[in-house]
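K.L.:
Sharing a model that was predicted from the sequence below.
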Amino acid sequence: MRPWRRGRAALTLAGAVLGVLTMLGVLYVDGQGRINVTLILALALLQLLLALATTAQALSGRRPWGRLLGRGDGAPPVLRQLHPQLAARAAHGAGLAFAATALLTLLVQVLVRDLAFGWSTTLQTSAPAYHALVEQLAWPWRGWLPGAVPGLELVEQSRYFRLGGEAPADPERLGAWWPFLAMLWLCYVLLPRLILLGLARLHLNHRAGVLLRRHPGWAALRQRFATPWVDSGPAPVAAGT
C-alpha cells in the first residue's frame, strides 16, 4: 500500500496546483476583454463528467489505465483486485483538491481584481435562451439564494461578440456574475467530488471485506479465533528436567 499512498499524495498535490493554474488561466483577460462565462460552464460540466466516469469505472471494476501500472504483476493478487477502487479514491482526492483550490482562486481574484464577465458563443443563441439555461443550472440554490441567479437584464447586457466593440449599458454590472459562478463551481464540481470521494472510500472498504470473506483461509481464521484455547506449539520444558 505504500506506493499507493505516495501516489495518492502526489496526485492530490498536482490537483491542487492545477486547480490554481487552471482558474488563473480562465480568469485571465487583457485590455478590455471579458471573461467568458460559457467557458467556465463547460469546464464545470467537464469536471462533473470526469467525476461520474471515475465512479463508473470503479463500480464496473475495469482497468483501462492498467498499462500505467505495468499490469501490477509484483502486487499481491488481492491488491490487484482492488486497483479500480484504489484508483478511484486517488482520482477523486485529486479532483477534490482541484475543485477546492480553483474555487478559492476564483474568490481571491474577485476580491483583489475588478473582473468583467460576459458570455459569447458561436451558436445562434438568444439572451432569453441563455438566461433559461442559467436558471436551470441554478436550481440547487435559486430558492434560498436568489442573489446568485443572474437576471435576464444582466444576461442581455453581458453578451459580447468577437468583432463588436460596443460597451455594455452598465459596465459595473459585469462583475455580478461571480456569485452564480461560485455557486455553480461549488454545487457541480466541489460537492460532487466530495460525495463521490466518500462513496469511493465506502466502496473500497466493502470490496476489501468481500475479498477477505472469500479468502481460502478466512474460515480457518474465524474458527481459530472462536476457539477458547489455542495451542501454539509444544509446552516449554521446565528447568532441571
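P.N.:
It's in.
K.L.:
which other helices and strands contact the longest helix seen in the chain?
P.N.:
Using DSSP state H to assign secondary structure, the helix with the most residues in the chain is helix 83-112. In this structure, helix 83-112 makes packing contacts with helix 2-26, helix 37-60, helix 178-185, helix 191-214, judged by 3 or more Cβ pairs under 8 Å, 6 or more residues apart in numbering; DSSP states H and E. C-betas here are computed from N, CA, C, even on glycine.
K.L.:
tell me the angle that helix makes with helix 2-26.
P.N.:
For the pair helix 83-112 and helix 2-26, the angle between their directions (axes from the mean of the first three to the mean of the last three Cα atoms, to 10 degrees) equals 30 degrees.
K.L.:
check contacts around the closest residue to Val37 other than its chain neighbours.
P.N.:
Spatially, and ignoring its direct neighbours in sequence, Val37 is nearest to Trp119 (4.3 Å; Cβ to Cβ, 6 or more residues apart in numbering). With contacts defined as Cβ atoms under 8 Å, 6 or more residues apart in numbering, Trp119 is in contact with Asn36, Val37, Thr38, Tyr130, Val155, Ser158, Arg159, Tyr160.
K.L.:
Please identify which pair of those residues lies farthest apart.
P.N.:
Taking Cβ to Cβ, the two most distant members of the contacts of Trp119 are Asn36 and Val155; they sit 13.5 Å apart.
K.L.:
Which one's more surrounded, those two?
P.N.:
Val155 (23 against 17; other Cβ atoms under 10 Å).
K.L.:
per-residue confidence at the more buried one?
P.N.:
Among the per-residue scores, Val155 holds a pLDDT of 90.
K.L.:
in terms of contact, does it touch Ala129 like I think?
P.N.:
No. Contact between Val155 and Ala129 fails when scored by Cβ atoms under 8 Å: they sit 9.6 Å apart.
K.L.:
close enough to count as contact, Arg34 and Arg159?
P.N.:
No. Using Cβ under 8 Å, Arg34 and Arg159 do not qualify as a contacting pair, with a distance of 9.8 Å.
K.L.:
circling back: nearest to Thr101, of the helices and strands packed on helix 83-112?
P.N.:
Put simply, out of the helices and strands packed on helix 83-112 the one that sits nearest Thr101 is helix 2-26, at 3.6 Å, with distance taken as Cβ to Cβ.
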